[in-house]
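Undergrad: no sequence on hand, only this structure:
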């Protein structure tokens, strides 16, 4: 439903040159929050159009779910940046833009003759903000290195924290393209800082996002553990990598898993847990006075763990989650994506949105994870067909002499 | 735990005056975690019963460049000080469980009555509406409930999930962006806004196209062929994995997407006989025969140094990286060094310490790293006398009565 409230990015024009989920997610943030995002694609279409999964498992540039996921609310303009005509049109388009989001690799930037530093310094674009997202940044000895989500997670240290207790198994990539998504989050933040600075000074800037650095500062405890006690964390199954081993925190239930980290040192959650177990006659001996003592609990930790394991095995994950939370314990059910789509809470908040994709029908997308009382977010729309907006957008550009 | 602190850190780094309100009687968790310089490492969860609040490394990392005050919010005199602060502030932000701010009278209406143009940003796990709004969460719970843990692991096993509170970082980034967006919009419209960001909804946005595969195609992810560990289904890349390198628990990630990259890999390996196997002739066939391919590649890599493998393959244009740890990032990573992503500042109790910066650099602006994290209550006097304009007697009374 159209809202009378302005969007955060109302009136902002963004040109997107994205070849990976990092660039496309960054563009999506602007598109979902009200900017006009013009996605510039090569004649064959953006790489995401050629990446599955596919709607109905049928490949095709208009059927890629990877493309649908990140590219709603954007206009699609086809330009061949390697041809003079295409490049001239691109420059005219940039002249109307507030922000350029590029995830072209440095080699590709050179190939198409796009020098982002020169662009920002040029008199032609005095107030353009350029956000560049590359694997390792535009400068430094590894600037030309090639990467991927897995490779980016590996180099950044994030991969090193995740996997199984059994270290004959390699570190395991956490799912969902998170090196790309982390770079996108920094791109969004960096763009906002530059846009606010521009609001005051009138000048643009180059925000040089490195996926590597973005993920490297997103490892939570791993770097502080090295900065301070000079310790390296070691990966553990389904829980924090730590400098020394800790007890398992993912418990198997009758039909799934829950995450519950019992901190033996905390008295209050211990009492809540024992009361819960006892209320179902499953506390065994944990109600005994001796267990009120933290050191006794720690000394008998293996037994404590056994009792809890049995308790969870006897319950469904949903029961363990909701009843545990009702009792004030921070328990999380390990939801599959199928469960996420059915989640009572998120649905009650109206988070999911059905977007009508032409030729396919309604598709449930996650909504915009920002809610404002005095601002609105965009109503989600499906992706544009390849080049659907080329004519309209180019026709509205000022000509070479700057006439509209 | 660190969401609120990390969300405002970006603003503090880039020149905002951020006043962090703390409770002397309930220490902020990052002040308590046993991440101490020059002391043996201990797992978090294994903290001192009575920690020195000023030597926590994680707190230092999260709260640099901020002012720190202690206010007893349970007392009306304390709440009056907080209200005076709100009157002179542009933004108010918090990440308590829903209801805590309301208990202190700081409803959205009341904050707006104190400061009509304020941005009031509420950061929480579940958001401020819906049936589970009061549920307790932190990173691992958010990761479980949003589906991010389930999609991470080897098929047919317990999910390996996340070795870190990834969603504490990502929620912080989303909240930083939300704050900046609201302030950016306010600079244009003159109107403040309330903001509600749910970490779980941000987490669902992080899931990526698998969510559409499930929704559109009825893909089931509770199955023996999901998740995929380090392999990649879309596009069907192979080899795509993490391979053993020389040394104890040392690994290297390699990702090959197309025939050109495969040829480059084979050349870099010196064209071994196994690489000429017909099974490895096309992308589809390599993908279908990954077990065999991974075996050969593992045998090749396991006698080699992970950084040498990275250098050799990158020189050939193959996406590859050593699985680095915090020591690599801090001591030898040339990008982190070139970009100044980790930097050092002194602290009166901790001494010289390293900090994690951001994932981008900018040309025309720079962060202002003017101080390490405040000691507990370090800026009480400055904030009361200089920012709020209190007279000395009033301030002394607040200190004497334990309000501050």
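TA: That came through fine. Everything quoted here is computed from the prediction, not taken from an experiment.
Undergrad: from now on I want contacts and neighbour counts done on CA atoms only, so please keep to that.
TA: OK.
Undergrad: now for residue A:327: which residues touch it?
TA: By C-alpha atoms under 8 Å, 6 or more residues apart in numbering or on different chains, the residues touching residue A:327 are A:272, A:276.
Undergrad: give me the distance between it and residue A:196.
TA: 44 Å (C-alpha to C-alpha, to the nearest Å).
Undergrad: where do the strands sit along chain A?
TA: Taking DSSP state E as the criterion, chain A carries its strands at A:13-17, A:36-41, A:74-78, A:99-102, A:129-134, A:205-210, A:234-236, A:239-242, A:250-252, A:257-259, A:332-333, A:352-357, A:361-366, A:371-372.
Undergrad: remind me which residues of the chain are low pLDDT?
TA: By default, I'm working from chain A. A:1-3, A:400-404 (pLDDT under 70).
Undergrad: that's the wrong chain, I wanted chain B
TA: For chain B, the ranges with pLDDT under 70 are B:1.
Undergrad: center of it, which residue is that?
TA: residue B:169 (2.0 Å; C-alpha atoms, centre = their mean).
Undergrad: what helix or strand does that one sit in?
TA: Element membership for residue B:169 (DSSP states H and E) is helix B:166-189.
Undergrad: hang on, the earlier thing: so the residue nearest to the centre of chain B touches residue B:3, yeah?
TA: Yes: in terms of C-alpha atoms under 8 Å, residue B:169 counts as a neighbour of residue B:3; the distance is 6.5 Å.
Undergrad: quick revisit: downstream neighbour of the helix holding residue B:169 in the secondary structure list?
TA: Next element after helix B:166-189 (DSSP H and E): strand B:194-198.
Undergrad: name the SS class of residue B:44, please.
TA: coil (DSSP: H, G, I helix; E, B strand; the rest coil).
Undergrad: and it, how many neighbours?
TA: 18 (other C-alpha atoms under 10 Å in any protein chain shown).
Undergrad: okay, it and residue B:373: tell me how far apart.
TA: Going from residue B:44 to residue B:373 by C-alpha to C-alpha gives 20 Å.
Undergrad: what's around residue 105, how many residues?
TA: I went with chain A, as the question did not name one. Residue A:105 has 23 neighbours, counted by other C-alpha under 10 Å.
Undergrad: looking at chain B here, not the other one
TA: For residue B:105, using other C-alpha under 10 Å, the count is 14.
Undergrad: how close does it sit to chain A?
TA: According to C-alpha to the nearest C-alpha, to the nearest Å, residue B:105 and chain A sit 19 Å apart.
Undergrad: with residue B:111 instead?
TA: 13 Å.
Undergrad: who touches that residue in this structure?
TA: Contacts of residue B:111 by C-alpha under 8 Å, 6+ apart are B:86, B:118, B:120.
Undergrad: go through these and flag which are in helices.
TA: When those are checked against helices (DSSP state H), the matches are residue B:86.
Undergrad: with respect to chain A, which of the contacts of residue B:111 is nearest?
TA: Relative to chain A, the closest of those is residue B:120; by C-alpha to the nearest C-alpha it sits at 9.5 Å.
Undergrad: check contacts around that closest one.
TA: B:91, B:92, B:93, B:108, B:111, B:192, B:193, B:194, B:195.
Undergrad: and for residue B:159?
TA: Neighbours of residue B:159 in contact, by C-alpha under 8 Å, 6+ apart: A:237, A:238, B:149, B:150, B:151, B:152, B:153.
Undergrad: quick one on the thing from earlier: now tabulate the strands of chain A in CSV and tack on mean neighbour count and distance to chain B.
TA: Output for these, formatted as CSV (neighbours: other C-alpha atoms under 10 Å in any protein chain shown; distance: least, C-alpha to the nearest C-alpha, whole Å):
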stretch, mean neighbour count, distance to chain B
strand A:13-17, 24, 15
strand A:36-41, 25, 15
strand A:74-78, 25, 17
strand A:99-102, 25, 14
strand A:129-134, 27, 9
strand A:205-210, 29, 4
strand A:234-236, 26, 6
strand A:239-242, 26, 4
strand A:250-252, 23, 9
strand A:257-259, 25, 6
strand A:332-333, 30, 4
strand A:352-357, 18, 9
strand A:361-366, 18, 6
strand A:371-372, 20, 5
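Undergrad: can I get these in a markdown table with distance to residue B:217?
TA: Listed next are the strands of chain A as a markdown table, based on distance: least, C-alpha to C-alpha, whole Å:
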| stretch | distance to residue B:217 |
| --- | --- |
| strand A:13-17 | 29 |
| strand A:36-41 | 27 |
| strand A:74-78 | 24 |
| strand A:99-102 | 31 |
| strand A:129-134 | 32 |
| strand A:205-210 | 34 |
| strand A:234-236 | 33 |
| strand A:239-242 | 31 |
| strand A:250-252 | 28 |
| strand A:257-259 | 25 |
| strand A:332-333 | 24 |
| strand A:352-357 | 14 |
| strand A:361-366 | 10 |
| strand A:371-372 | 29 |
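Undergrad: for the stretch 301-404 of chain B, what lies in contact range of chain A?
TA: Counting by C-alpha under 8 Å from any C-alpha of the partner chain, the residues of the stretch 301-404 of chain B lying close to chain A are B:314, B:317-327, B:329, B:334-336, B:338-339, B:341, B:353-364.
Undergrad: circling back to that earlier point, hmm, the helix holding residue B:169 in reach of chain A?
TA: Yes: counting by C-alpha under 8 Å from any C-alpha, chain A is contacted by helix B:166-189 at B:166, B:169-170, B:173-174, B:176-178, B:180-182, B:184-185.
Undergrad: mind checking how far that helix is from the chain centre?
TA: 14 Å (C-alpha atoms, centre = their mean, to the nearest Å).
Undergrad: and for stretch B:287-306?
TA: That offset, for stretch B:287-306, works out to 32 Å (C-alpha atoms, centre = their mean).
Undergrad: what is the neighbour count of residue A:95?
TA: 17.
Undergrad: quick check, it in contact with residue A:124.
TA: Yes: at 7.3 Å, residue A:95 counts as touching residue A:124 under the criterion of C-alpha under 8 Å.
Undergrad: which parts of the stretch 251-400 of chain B are strands?
TA: B:251-255, B:319-322, B:342-345, B:353-356, B:360-362 (DSSP state E, counting those that start in this stretch).
Undergrad: quick one: residues in contact with the fourth one.
TA: In other words, strand B:353-356. Counting by C-alpha under 8 Å, 6+ apart, A:217, A:223-224, A:227-228, B:61, B:341-347 sit against strand B:353-356.
Undergrad: strands paired with it, and their directions?
TA: Applying DSSP bridges to the sheet, strand B:353-356 is found paired with strand B:342-345 (antiparallel).
Undergrad: tell me how far the spatially closest residue to residue B:77 that is not a sequence neighbour lies from chain A.
TA: Nearest non-adjacent residue to residue B:77, counting by C-alpha to C-alpha, 6 or more residues apart in numbering or on different chains: residue B:403, 6.8 Å away. With distances taken as C-alpha to the nearest C-alpha, residue B:403 is found 26 Å from chain A.
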